[in-house]
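[1] Okay, here's the prediction I keep looking at, along with the sequence it came from:
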Amino acid sequence: FVCQFLDKPRRVAHAMGMLEGMNQNGISPNVTTFNNLINVCKYANPRRVDHAMGLLQQMQAKNLSPDLTTFNNLIDVCVNGRPARLSDAMRLLERMEELGVAPDVVTFNTLIGADFRASPVRVAQAM
């Protein structure tokens, strides 16, 4: 069901509209809400990096602390966007460490995969 929802056109706009509707009706989104919205950006075709990064800014404006899921999804959106935004992904890694959010195997696998796609020779030499 989720894949069908995400594959249909205009789903990112619809999801953002739902967030706006929540705000207009006095319903405060939480970290899970934002993680789900970032996930929509992650699976959109093409990936919506700017929307996802904007959601991070909205979270922080509401004094919500991004968690491991938030950062892993944002990093994935950045490294798998076209074009890949590896510098943004690395800044997110630095930011998560600043906030005391420990990266996990998903974080590093995502970054390693992105680095390999960007420069397979460099990754092979490092191994």
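    All right, it came through fine. Keep in mind it's a predicted model, so treat the numbers as computed, not measured. Residues are numbered from 1 along each chain as shown.
[2] First-to-last residue distance for stretch 15-34?
    Using CA to CA, to the nearest Å, the gap from the first to the last residue of stretch 15-34 comes to 10 Å.
[3] Okay, and the residue nearest the centre of the chain sits in which element?
    Residue closest to the average C-alpha location in the chain (CA atoms, centre = their mean): Leu74, at 1.9 Å. When secondary structure is defined using DSSP states H and E, the element that contains Leu74 is helix 68-80.
[4] Could you grab the helix/strand/coil label for the closest residue to Phe34 other than its chain neighbours?
    With CB to CB, 6 or more residues apart in numbering as the measure, Met59 is the residue that lies nearest to Phe34, at 4.8 Å, once sequence neighbours are left out. To be clear about C-beta, it is placed using only N, CA and C from the backbone, and glycine gets the same treatment. Taking DSSP: H, G, I helix; E, B strand; the rest coil as the rule, one finds Met59 in the helix state.
[5] My understanding was that the residue nearest to the centre of the chain contacts Leu56; is that so?
    Yes: in this structure, Leu74 sits in contact with Leu56. The criterion is CB atoms under 8 Å, and the distance is 6.2 Å.
[6] Identify the contacts common to those two.
    Overlap between the contact sets of Leu74 and Leu56, as judged by CB atoms under 8 Å, 6 or more residues apart in numbering, is given by Ile38, Pro66.
[7] how close does the residue nearest to the centre of the chain get to Leu111?
    From Leu74 across to Leu111, the span is 12 Å (CB to CB, to the nearest Å).
[8] quick one: Asn45 from Asn80, how far?
    Separation of Asn45 from Asn80 (CB to CB): 11 Å.
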